[in-house]
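[1] Let me see the structure of the following:
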Amino acid sequence: MKKIQIAGQEIKPGEFKEININIARLPSHTQIDTPIYVSRSQEEGPTLALMAGMHGDEINGMEIVRRIIERNLHQPKRGTIICIPIINVYGFLNFSRDVPDGKDVNRSFPGSKSGSLASRVAYHVTHDIIPNIDYGIDFHTGGAMRTNYPQVRATLSDKKNVELAEAFCAPFTLDAPFRPNSLRKEASKKDKNIIVYEAGESLRFDQHAIEEGIEGTLRLMKYLNMIDDAPAPKETNRIIWHSSWVRSKQAGLFQTQVVSGQLVHKGDWIGTITDPFGEFTEKVIAKETAYVIGLNNIPVVNAGDALMHLGMDSFCKLA
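    Residues are numbered from 1 along each chain as shown. Predicted coordinates:
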């Protein structure tokens, strides 16, 4: 079996280790460590990384990895599981997407040992995690006050990415090209395949999103022959080839008429914009048949603000 070494510590077949990588320290001299949990089987198999908390306010992903550890689902029959519940500990402590200097860790890869704080976090993932893995799931959540219906984002022009997304079998799969200086792009340079799971809303637990994430992870582990059994999907996986945002035409108060995950038809009434002083009411009408894959939960909107994210699959194109 291949050698796995993280932060100078070797994890041998059959071993479980908690490794704390020191990132930096707070001005108070409090040390900030990133805990990493590594569980190796005695039997040969792939290495899968389960990573969450790249953005410190995206707690659904953290809870997915936490429950996987709590339920001992991170102990494979074959291969190795590396769990990182919180990559961006700084953001987590500050209820923030970013690190204190305002930079995004997921736009800071491959990182630098002596660079900005975000760059230093990215550096440790690049040098301590990526070289050891074969595959990975990067767990994310919708932005502030926006809900994403459970979905996998992958590069669908890549055959292996397609296989992983199909095995995970989330309700939706979106074609998502690599973004500059992201974890996925950096991993791809080293022939490592990572898919992204997006679900729920930041700073708010979503039980459906969490359980879908756990079950999808187990299905992927089964596909990789790391475990023998996994739950069947509860929903049909739909490949979204095109998506667009419905935007507010004017400022006001937004109230949705739909729920996340719903199929809406062209011409449907999907929301309402009202004036807080009772001067106008405007219906928002769907311009195409599509699924609601993302939904704004902020009632106060300005002209041009995103109201909902609509995704189209093959069925929608024919409707």
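[2] Okay, now the unreliable bits of the chain?
    317-319 (pLDDT under 70).
[3] and it, what are its domains?
    Structural domains of the chain, as assigned by automatic domain parsing, span the residue ranges 4-223, 241-318.
[4] Need the winner for burial among those.
    Using mean count of other C-beta atoms under 10 Å, the stretch among the domains of the chain with the largest mean neighbour count is domain 4-223, at a mean of 19. From N, CA and C alone the C-beta is placed, and that goes for glycine too.
[5] Could you tell me the end-to-end distance of that domain?
    From its first residue to its last, domain 4-223 covers 22 Å (C-alpha to C-alpha, to the nearest Å).
[6] and if you look at stretch 297-304?
    End-to-end distance for stretch 297-304: 15 Å, by C-alpha to C-alpha.
[7] Residues touching that stretch, excluding its own?
    145-147, 201, 247-255, 273, 305, 307 (C-beta atoms under 8 Å, 6 or more residues apart in numbering).
[8] mind checking how far that stretch is from the chain centre?
    Stretch 297-304 has its average C-alpha position 24 Å from the chain's average C-alpha position, going by C-alpha atoms, centre = their mean, to the nearest Å.
[9] What of stretch 12-22?
    That offset, for stretch 12-22, works out to 24 Å (C-alpha atoms, centre = their mean).
[10] With only the CA atoms kept, save it in CSV.
    The C-alpha trace of stretch 12-22 is given here as CSV (Å, rounded to 0.1, in the frame of the first residue of the first chain):
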residue,chain,number,x,y,z
LYS,A,12,0.1,3.3,8.4
PRO,A,13,-2.5,0.7,7.1
GLY,A,14,-5.1,0.0,9.8
GLU,A,15,-4.3,3.2,11.7
PHE,A,16,-6.5,6.1,12.7
LYS,A,17,-4.8,9.4,13.5
GLU,A,18,-5.9,12.9,14.3
ILE,A,19,-3.3,15.4,13.0
ASN,A,20,-3.3,19.1,13.9
ILE,A,21,-1.7,21.4,11.3
ASN,A,22,-0.8,24.7,12.8
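[11] and the gap between residue 162 and residue 51?
    Distance from residue 162 to residue 51, counting by C-beta to C-beta, to the nearest Å: 21 Å.
[12] wait, what's in contact with the residue nearest to residue 26 when sequence neighbours are not counted?
    Nearest residue to residue 26, sequence neighbours excluded (C-beta to C-beta, 6 or more residues apart in numbering): residue 32, at 6.4 Å. Applying C-beta under 8 Å, 6+ apart to residue 32 gives the contacts 22, 23, 24, 25, 26, 89, 90.
[13] just checking, next helix/strand downstream of the helix or strand where residue 32 lies?
    Using DSSP states H and E, residue 32 sits within strand 31-40. Sequence-wise, the next helix or strand beyond strand 31-40 is strand 43-51, with elements assigned using DSSP H and E.
[14] distance between that following strand and the chain's centre?
    18 Å.
[15] I believe residue 227 is in a helix; please confirm or correct that.
    No: Residue 227: not assigned to a helix; according to DSSP: H, G, I helix; E, B strand; the rest coil it is coil.
[16] How much space separates it from residue 43?
    Taken as C-beta to C-beta, the span from residue 227 to residue 43 is 11 Å.
[17] Now do the shared contacts for those two.
    The contact sets of residue 227 and residue 43 overlap at 77, 78 (C-beta under 8 Å, 6+ apart).
[18] so residue 305 touches residue 284, yeah?
    No: the pair residue 305 / residue 284 is not scored as a contact, 11.8 Å apart, by C-beta atoms under 8 Å.
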